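Chemist: give the three-dimensional model of this entry:
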Amino acid sequence: MLDHVALQCDDLGVSRRFYERLLAPLGITVAMEFEGVLGLAGPDGFPRFWLGRTQGGVQREVHVAFAAVDRAAVDQIFATAREMGAEVLHEPREWPEYHPGYYGVFVRDPDGNNVEAVTHQ
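Modeler: Modelled structure (predicted):
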């Protein structure tokens, strides 16, 4: 339902490396780069997740969820996050309070945002 989401980050290089590695199991890569802004795209090639430098001020936590094709992809996100030393907020599991088949993992990015990978199988 969302066309795109943008996050600000304190260190664009650190955030780029984090998201490129974390989201590789979902086929998400940097598709555009200009003037301190990165557009990441999935297999369709359209940049729907954007990263830009913080423009000053205090950043607040944002939650963003990425669609995974299956539970194996969610589990791979978890493994990648652990390999990178990212804080794991919630290990992969089914979340029946959302709906049956909702399976997700939640991790913290370098700027403190809550990043989820989820499948609805």
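
Chemist: low-confidence bits of the chain, can you list those?
Modeler: The chain contains residues with pLDDT under 70 at 1, 57.

Chemist: all helices of it, in order?
Modeler: Listed in chain order, the helices of the chain (DSSP state H) span 12-23, 71-84.

Chemist: for Val107, which of those is the nearest?
Modeler: For the helices of the chain, proximity to Val107 was assessed by Cβ to Cβ; helix 71-84 is nearest, at 4.3 Å. Using the backbone N, CA and C atoms, a C-beta is placed for each residue, glycine as well.

Chemist: now the closest one: buried residues?
Modeler: Judged by neighbour count using 16 or more other Cβ atoms under 10 Å, the buried positions of helix 71-84 are 71, 73-78, 80-81.

Chemist: so which of the helices of the chain comes closest to Glu61?
Modeler: Closest among the helices of the chain, using Cβ to Cβ: helix 12-23, at 14.5 Å.

Chemist: got the contact list for the closest one?
Modeler: Applying Cβ atoms under 8 Å, 6 or more residues apart in numbering, the set of residues contacting helix 12-23 from outside is 7, 9, 28-30, 36, 38, 40, 49, 51-53, 66, 77, 80-81, 84, 86, 107, 109-111, 115.
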